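A.B. asks: Got a predicted model here, sequence first, then my questions.
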Amino acid sequence: IEKEQSKKQHQSQYLRYRRLFMDIEREQVKEQQRQKEWQRKMDKIRKEKEYQRNAEEQRIQEEQRAKEKRTQEMASHKNANPRGKTCEKLQQLKLEDPEEKKKLVQKNKEYSRYVEALRAQMREKIDMYNIHLPPLCFCGSGFWDTHPDSCANN
């Protein structure tokens, strides 16, 4: 009887160890599967990031190529168009001509007179309608005392 009991005890102990071992193996397999899944996800994320980085690099390179091409075209266009240089030279020659200088000075005087006449008309109309305009900046006391071309703050 003791033999049978020891045999049963031995068998039950064997079954317990076997179950324990099988449980441990199952947990190891599950953990390996989780690790593989995590690795797949990480690989997928790495591939996506790499793809985005490559796309961004290509876009930047294309922009640089386009910019270089534009600058080369501009340079070749300037070199290929000698008319532009001759036009500039002609304008300089015209300015050197005393009559042309006189005409240019006269034209500038006419423009300034025209602008002053417009200012005077506007001032009269504003005074007529009793409109108060604030100064453009702190350089002058009123609107008409300040001039945007001569102001240091402008």
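C.D. replies: It's in.
A.B. asks: could you pull out the helices for the chain?
C.D. replies: Counting by DSSP state H, the chain has helices at residues 2-80, 82-96, 98-128.
A.B. asks: Any chance of those helices in CSV with distance to P135 as columns?
C.D. replies: In this view, the C-beta of every residue, glycine as well, is placed from N, C-alpha and C. Listed next are these as CSV, based on distance: least, Cβ to Cβ, whole Å:
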stretch, distance to P135
helix 2-80, 44
helix 82-96, 38
helix 98-128, 14
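A.B. asks: could you redo these as a markdown table and give each row mean neighbour count?
C.D. replies: Putting the helices of the chain into a markdown table (neighbours: other Cβ atoms under 10 Å) gives the following:
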| stretch | mean neighbour count |
| --- | --- |
| helix 2-80 | 10 |
| helix 82-96 | 10 |
| helix 98-128 | 11 |
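A.B. asks: which stretch in the ones you listed has the least confidence?
C.D. replies: Among these, helix 82-96 carries the lowest mean pLDDT, a mean of 60.
A.B. asks: ok, C137 - how many residues close by?
C.D. replies: Using other Cβ atoms under 10 Å, the number of residues around C137 comes to 13.
A.B. asks: Pretty sure it sits against C151.
C.D. replies: Yes: using Cβ atoms under 8 Å as the test, C137 is close enough to C151 to be in contact (5.5 Å).
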